[in-house]
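Colleague: 3D, please:
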Amino acid sequence: MSNNPLQQFEVTTIKAINIAGIDASFTNASLFMSIIVLGVWAFVSLGMTRAAMVPGRWQSMVELSYEFISNMLHDAAGAEARKFFPFIFSLFMFILFANLIGMIPGAFTVTSHLAVTFAFAAVVFLMVTLTGLIKNGLGFFKLFVPSGVPVALLILIVPIEFISYLVRPVSLSVRLFANMVAGHTMLKVMAGFVASLGLYLGWAPVLFSVALTGLEVFVAILQAYVFAMLSCIYLNDAFHVDH
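Modeller: Residues are numbered from 1 along each chain as shown. Predicted coordinates for the structure are as follows:
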């Protein structure tokens, strides 16, 4: 086993597939994305297969997840954003399962790759922008003109607001990616200390690894929440330009 803490993020080919000169190989990332999708489907579908007036534990977890995202979307973006619930719910559940499955030893963390997190962020950015333009027309650009700002300062404020808007998908994707990479790298480094220090001296990094694992589980849940919450806040901008 390699001691390189970054090797766990390497994308490896399971089945080479070439379609008209395009590399469409099935990789470990593809495998775990499939597992994540199946996991989310199983959690939601099987939990509601035998829905009852008095829910069991599984059904309760599904209903709590549903209500949690529904309330978050309503509070952050208003009733108009209700139509985007399926997207926000799917986004949150996928990232949550991806982060948690990545905590399993030997598993691949798909959210540790910037290409994946940026794809999510880019979809959110495009969805928000198109929604804002469709709903408000050219009035959507009022978003870059803060109310109460003196006219003389608009020449400075408007470009700053516009650039900050364009940076949203970058900051959204880098936040999730960086947290996953940093945490998993630390866990790998601590595991290396345990192996190198041996039975008698390795107890200290073991205790630190256990504490760090608990922290990483919390971070995995928190980052899924932050990603979904920021997506809801961005939707609020599309629906309420003049707020």
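Colleague: Which parts of the chain are strands?
Modeller: Assigned by DSSP state E, the chain shows strands spanning 13-15, 18-19, 22-23, 26-27.
Colleague: The third one pairs with which strands, and in what direction?
Modeller: In the sheet containing strand 22-23, the strands it pairs with under DSSP bridges are strand 18-19 (antiparallel).
Colleague: Centre of the chain to the partner strand, how far?
Modeller: With CA atoms, centre = their mean, to the nearest Å as the basis, strand 18-19 stands 30 Å off its chain's centre.
Colleague: Stretch 144-154 too?
Modeller: With CA atoms, centre = their mean, you get 33 Å for stretch 144-154.
Colleague: Same check on stretch 96-114?
Modeller: 11 Å.
Colleague: now swap in stretch 9-17 and tell me
Modeller: 22 Å.
Colleague: Make JSON lines from the strands of the chain and add mean pLDDT to it.
Modeller: Shown next, in JSON lines, are the strands of the chain (pLDDT from 0 to 100):
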{"stretch": "strand 13-15", "mean pLDDT": "87"}
{"stretch": "strand 18-19", "mean pLDDT": "84"}
{"stretch": "strand 22-23", "mean pLDDT": "82"}
{"stretch": "strand 26-27", "mean pLDDT": "88"}
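Colleague: Out of these, which is the most enclosed?
Modeller: strand 26-27 (a mean of 16; mean count of other CB atoms under 10 Å). (Each C-beta comes from the backbone N, C-alpha and C, glycine too.)
Colleague: Please tabulate the strands of the chain in CSV, including the columns distance to Gly183.
Modeller: Supplementary listing: the strands of the chain in CSV, determined by distance: least, CB to CB, whole Å:
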stretch, distance to Gly183
strand 13-15, 25
strand 18-19, 35
strand 22-23, 30
strand 26-27, 22
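Colleague: closest to Ser164 out of the ones you listed?
Modeller: For Ser164, the closest of the strands of the chain is strand 26-27, at 34.8 Å, according to CB to CB.
Colleague: And for the closest one, what's in contact with it?
Modeller: 11-15, 17 (CB atoms under 8 Å, 6 or more residues apart in numbering).
Colleague: follow-up on the earlier one: what's the closest of the strands of the chain to Thr111?
Modeller: strand 26-27 (15.2 Å).
Colleague: Give me the distance from the closest one to the chain's centre.
Modeller: Worked out by CA atoms, centre = their mean, strand 26-27 lies 21 Å from the chain centre.
Colleague: Which strands and helices lie in contact with the longest helix seen in the chain?
Modeller: Longest helix in the chain, counting residues (DSSP state H): helix 203-239. Packing partners of helix 203-239 (3 or more CB pairs under 8 Å, 6 or more residues apart in numbering; DSSP states H and E): helix 57-77, helix 85-101, helix 114-136, helix 168-201.
Colleague: Mean neighbour count, those helices: which tops it?
Modeller: helix 85-101 (a mean of 20).
Colleague: which residues sit against that one?
Modeller: Contacts of helix 85-101 (CB under 8 Å, 6+ apart): 32-33, 35-37, 39-40, 43-44, 65-66, 69-70, 72-73, 107, 109-111, 120, 124, 127, 176, 180, 217, 219-221, 223-225, 227-228, 231-232.
Colleague: per-residue confidence averaged over that helix?
Modeller: Mean pLDDT, computed over helix 85-101, is 95.
Colleague: How far does stretch 23-32 stretch from one end to the other?
Modeller: 18 Å (CA to CA, to the nearest Å).
Colleague: Can you give me the buried ones in it?
Modeller: 27, 29-32 (16 or more other CB atoms under 10 Å).
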